[in-house]
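J.: dropping a prediction and its sequence here:
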Amino acid sequence: MAAQGSTIVEAQVYDFGFRTLNVKTIVVQLSLDQIFEAAKHSQFIASDAGFPEGRQVKPEKRNSELSTTTWNLSSDIKFLDVSALEGSVIELTQPFEFIRYPVGGFFKKHTDRKRYPEHTHTLCIYPPQDCVCGDLELLSVSMQFDKVVNTIKTSPYLWKVVIFPVSLEHQISPVVQGTKYLFKTPITLHLTKEQVRVIKSRKGMCD
């Protein structure tokens with residue numbers, strides 16, 4: 001049972017398999033309702049105004065807004081059941097960015113910038129929101145090398161948590177109605193020795 005003021009969420013963890021993209025489900029407890037309300041009222045800067053750390057994003061590539069406040073949520077997120085990861089451990093050490101996409105907001109196809117050497121995955125948390133489009137689209141290929149789009153839709157009633165590899169191409173479709181919000185942070189997903197061995201063997205099969 002979730003503690004008062006918290007929500008239990010089934011999170012999707014995407015990772016590279018043999019040619020295709022695999023997805024596993026873990027269970028996460030979130031205590032973010034009040035933080036989300038505060039974040040919505042924080043100060044924002046436009047993507048074409050430049051981001052912290054000297055980053056610049058061209059307006060034709062991305063139309064979004066970034067909160068000038070970062071959010072330390074490590075005590076507000078608990079991983080309750082990660083057995084599907086078969087021994088992998090999620091390391092959550094970095095603060096979260098809070099991003100909003102207004103009507104017409106989008107982010108064209110890209111991969112995330114690696115923030116630090118151990119940064120392996122990106123963690124996105126979507127609050128409940130009534131928004132049309134602005135969907136996260138994870139781009140991969142099938143066993144027959146056909147293009148595959150894994151579309152992550154939000155809900156007016158449910159929190160949604162998605163984890164995907166930092167090197168995976170993805171995009172945000174244009175927002176048609178409402179405002180799209182999300183918390184986002186880089187994470188490290190530590191693999192077991194057996195998982196590393198399997199990945200290396202699969203790579204050898206592809207070489």
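T.: Looks like it arrived, so ask away.
J.: run through the bridge partners of the residue most central in space within the chain.
T.: For the chain, the residue sitting closest to the mean C-alpha position, by CA atoms, centre = their mean, is C124 at 2.7 Å. Here C124 sits in beta bridges with V162, K184, going by DSSP bridges.
J.: same check on I172?
T.: Counting by DSSP bridges, I172 is bridged to F107, L136.
J.: list the residues that contact it.
T.: Neighbouring residues of I172 by CB atoms under 8 Å, 6 or more residues apart in numbering: S64, Y101, G105, F106, F107, G134, D135, L136, E137, K180. Bear in mind the C-beta positions are built from the backbone N, C-alpha and C, glycine included.
J.: thought D112 was touching T120?
T.: No: counting by CB atoms under 8 Å, D112 does not reach T120; the two are 10.7 Å apart.
J.: who touches both of the two?
T.: Joint contacts of D112 and T120 (CB under 8 Å, 6+ apart) are V166.
J.: neighbour-wise, which of those two wins?
T.: Set D112 next to T120 and count neighbours by other CB atoms under 10 Å: T120 wins out with 20 against 17.
J.: the more buried one touches L189, doesn't it?
T.: Yes: counting by CB under 8 Å, T120 does reach L189; the two are 5.0 Å apart.
J.: from the contacts of I172, keep the buried residues only.
T.: The neighbour-count criterion (16 or more other CB atoms under 10 Å) marks S64, Y101, G105, F106, F107, G134, D135, L136, K180 among these as buried.
J.: how about low-confidence regions in this protein?
T.: Applying pLDDT under 70 to the chain picks out residues 1-4, 18-19, 48-58, 192-207.
J.: circling back: what's near enough to touch the residue nearest to the centre of the chain?
T.: When contacts are counted by CB under 8 Å, 6+ apart, C124 touches L136, I152, V161, V162, I163, F164, L182, F183, K184.
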